[in-house]
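Peer 1: this one's structure only:
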Ligand SMILES: [Zn+2]
C-alpha cells in the first residue's frame, strides 16, 4: 500500500512538471528581416521562439501559445549577437600620448578591472554579446570581470579570455632600464623556449584563460617549433592560439606552426595570405581607420599611409578568400566618442576596401564563432543556438553603419535593451 501511494505521488508530480514545461511562457520574436549568417542573406517574416536561453525554433509559420511573451520586431533587422575577436576592455590611453609602460605604475589591476567592467557593459549595450579579450589586462584583471558577470554583479558580453600575453623577452616594451627589468611582467610572460611557452600557456589557463595569445616579431620572433609548442599545449586544454604578428618570416612561422589566427597581419603579402588560405588560418585584421592611427600620435601623412596599407591588405585578403573574423583592437578612445563608437570607426576601412556588408556581418557572427570554436552554438539564429539576438532599425546590407544603432539586445534569452 505504501509503495502504491509513493507511485501515485510520483505519477502526479511528474504530470505537474510536464504541464509546467508545456505551459511555461516562451519568448517569441516576430522578426521582420532575419539574418541568415551562413548564407549572408536576410529572410523575411520569421518567428523565433526562445526558451531557457536558447532558440527553441525558427521559421516562417510557427505556432505559439497566446500565453507566450511576444516581442514585435516586424519592422527591424534581426541578427545574431555581434562578436569582436580582438578587444582590450581594461585599457584606455591618452589621445596621441600613449605611454603604455608608464601606465603600469599608475593604474592598478583593480582600476583596470573597473574600467573593463564599464566597457564590457558598453559593448553589450551596443549588441556585442561575445568578445575575445586578447590580453594587456594588467594582472589578470579580466578574469575578475568574467567572475563578476557570472555572479550577476555586472552585465557584459560572454568573454573569451587570453590572460597575459606570452612573448619573447621584454613583451612589447622597449627601452625599459635594467632596474625595472620586470616592469612588463604586469602584462606579459617572458617565454623564449618551447618549454617556457608551455609553462606560460598552463599559467594563463590556471588563471582563467580559454584562448592563448602570443606576440611574435616585436622584440624577437618565434620559430615554428615555438608556435607548435603553444598550439599543442593549448589544444590539450581545448584552447586555440592567436598570434600578434605583422608579416614576413615571423608570420610564416605562425601559419606553419598551426596557430588558429593571425592578429593584425598588417604587412601580409600575397604569398602569406595564400598560405593562410591553404592552412585555414584566420585573419583578425584589426583594420584601423585614419582616425585610429592618428590617435597613436602619428602625423596625418603617416596615418594616411597606414590606412592605405590596411585597405590594400583587406582587399587582397578578401579577394583571396582568407577566413576573416572581426576584431577592433582599440586602446585609445577618440575625443568625444566612447569605446564602441571608436571601435566601429574601423568600418571605414572595410567600406573603403569595398567588402560587402553581408560579409562584414558574417565576420562579426558565424566566422567569429568558428574562430572561437563555438560555431555550433553561437553566431547564427537557428534551432538550439544560444539566444543572443539583436535588432537594428535599418537595413545593414545597404549601409553597414546601420549596426551602430542597436535597438534591441538579448543575451542568452534575457532582454537587456529594448527601445
Ligand atoms: Zn591588441
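Peer 2: Looks like it arrived, so ask away. Because the structure is predicted, anything quoted here is derived from the model rather than measured.
Peer 1: which residue ranges of the protein form helices?
Peer 2: Listed in chain order, the helices of the chain (DSSP state H) span residues 2-23, 100-106, 109-125, 141-150, 194-206, 224-236, 248-256, 270-279, 290-294, 300-320, 339-343, 347-352, 357-363, 366-372.
Peer 1: need the mean per-residue confidence for the first one.
Peer 2: Looking at helix 2-23 alone, the average pLDDT works out to 57.
Peer 1: next one: the second one
Peer 2: When pLDDT is averaged over helix 100-106, the result is 92.
Peer 1: buried ones in that helix, by neighbour count?
Peer 2: Buried residues in helix 100-106, counting neighbours by 16 or more other CB atoms under 10 Å, are found at 100-101, 103-104. For every residue, glycine as well, the C-beta is placed using N, CA and C.
Peer 1: put together a markdown table for those, with distance to residue 194 on each row.
Peer 2: Below are those laid out as a markdown table (distance: CB to CB, whole Å):
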| residue | distance to residue 194 |
| --- | --- |
| 100 | 28 |
| 101 | 28 |
| 103 | 31 |
| 104 | 28 |
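Peer 1: deepest-packed of the helices of the chain, please.
Peer 2: Stretch with highest mean neighbour count among the helices of the chain: helix 366-372 (a mean of 25; mean count of other CB atoms under 10 Å).
Peer 1: list of residues touching it?
Peer 2: By CB atoms under 8 Å, 6 or more residues apart in numbering, the list of residues contacting helix 366-372 from outside reads 37-38, 80, 83-85, 130, 132, 160, 211, 240, 260-261, 282, 284, 323-326, 375, 377-380.
Peer 1: quick one: mean pLDDT for that helix?
Peer 2: In this model, helix 366-372 has a mean pLDDT of 98.
Peer 1: before we move on, what about stretch 224-244?
Peer 2: 98.
Peer 1: now what about that stretch, what contacts it?
Peer 2: The contact list for stretch 224-244, computed with CB under 8 Å, 6+ apart, reads 132, 134, 162, 165-166, 193-195, 197-198, 201-202, 205, 209-216, 218, 222, 253-254, 256-264, 284, 371-373.
Peer 1: rewinding a little: type out the ChimeraX command that picks the buried ones from the contacts of helix 366-372.
Peer 2: When burial is assessed using 16+ other CB under 10 Å, the buried subset of those is captured in ChimeraX by this command:
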select :37,80,83,84,85,130,132,160,211,240,260,261,282,284,323,324,325,326,375,378,379,380
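Peer 1: returning to that earlier point: so which of the buried residues of helix 100-106 comes closest to residue 354?
Peer 2: For those, the residue nearest residue 354 by CB to CB is residue 100; the value is 33.8 Å.
Peer 1: tell me the spacing between the closest one and residue 187.
Peer 2: Note on residue 100: its distance to residue 187, by CB to CB, to the nearest Å, is 8 Å.
Peer 1: what is in contact with the two at once?
Peer 2: Between them, residue 100 and residue 187 have residue 136 as joint contacts when contacts are counted by CB under 8 Å, 6+ apart.
Peer 1: pLDDT-wise, which helix or strand of this protein ranks last?
Peer 2: With mean pLDDT, DSSP states H and E as the measure, the helix or strand of the chain carrying the lowest mean pLDDT is helix 2-23 (a mean of 57).
Peer 1: test my guess that residue 137 contacts residue 104.
Peer 2: No: counting by CB atoms under 8 Å, residue 137 stays clear of residue 104, with 12.0 Å between them.
Peer 1: list the residues that contact both of these two?
Peer 2: residue 187.
Peer 1: is residue 166 bridged to anything, and to what?
Peer 2: Residue 166 has the following beta-bridge partners by DSSP bridges: residue 189, residue 214.
Peer 1: mind giving me the domain split of this structure?
Peer 2: The record's domain parsing of the chain by automatic domain parsing lists 24-80+382-418, 82-372.
Peer 1: please report the distance of residue 159 from residue 41.
Peer 2: From residue 159 over to residue 41 (counting by CB to CB), the distance is 30 Å.
Peer 1: swap that for residue 373, sorry
Peer 2: Looking at residue 373 against residue 41, where the rule is CB to CB, the gap reads 25 Å.
Peer 1: what about the two, which has more around it?
Peer 2: Regarding residue 373 and residue 41, a neighbour count based on other CB atoms under 10 Å identifies residue 373 as having more, with 16 against 12.
Peer 1: find the nearest non-adjacent residue to the more buried one, please.
Peer 2: Leaving out its chain neighbours, the residue that sits closest to residue 373 by CB to CB, 6 or more residues apart in numbering is residue 240, at 6.1 Å.
Peer 1: in the sheet, who's paired with the one you found?
Peer 2: residue 211.
Peer 1: how close does it get to residue 201?
Peer 2: If you go by CB to CB, the gap between residue 240 and residue 201 works out to 11 Å.
Peer 1: so for residue 90, which of the helices of the chain sits nearest?
Peer 2: Ranking those by their distance to residue 90 (criterion: CB to CB) puts helix 109-125 first, at 3.7 Å.
Peer 1: list the contacts of the closest one.
Peer 2: Residues beyond helix 109-125 that count as contacts (CB under 8 Å, 6+ apart) turn out to be 84, 87, 89-92, 131, 133, 137-142, 144-145, 148-149, 154-157, 159, 338-340, 406, 409, 411, 416-417.
Peer 1: tell me the buried residues within these.
Peer 2: Applying the neighbour count, that is 16+ other CB under 10 Å, the buried entries in those are 84, 87, 89-92, 131, 133, 137-142, 144-145, 148-149, 154-157, 159, 339-340, 406, 409, 411, 416-417.
Peer 1: show me the contacts for the residue lying closest to residue 105 once chain neighbours are set aside.
Peer 2: Nearest in space to residue 105, with sequence neighbours left out and distances taken as CB to CB, 6+ apart, is residue 183 at 7.7 Å. By CB under 8 Å, 6+ apart, the residues touching residue 183 are 101, 104-105, 173, 176.
Peer 1: got any ranges where this protein has weak pLDDT?
Peer 2: By pLDDT under 70, the weakly predicted segments of the chain are 1-23.
Peer 1: 90 instead?
Peer 2: 1-24, 61, 99 (pLDDT under 90).
Peer 1: against residue 181, how distant is residue 61?
Peer 2: With distances defined as CB to CB, the gap from residue 61 to residue 181 amounts to 67 Å.
Peer 1: of these two, which one has the most company?
Peer 2: Neighbours per residue (other CB under 10 Å) separate residue 61 from residue 181, with residue 181 holding more: 12 against 7.
Peer 1: and the more buried one, how close does it get to residue 327?
Peer 2: 31 Å.
Peer 1: could you do residue 274 as well?
Peer 2: Residue 274 is 21 Å from residue 327, where distance means CB to CB.
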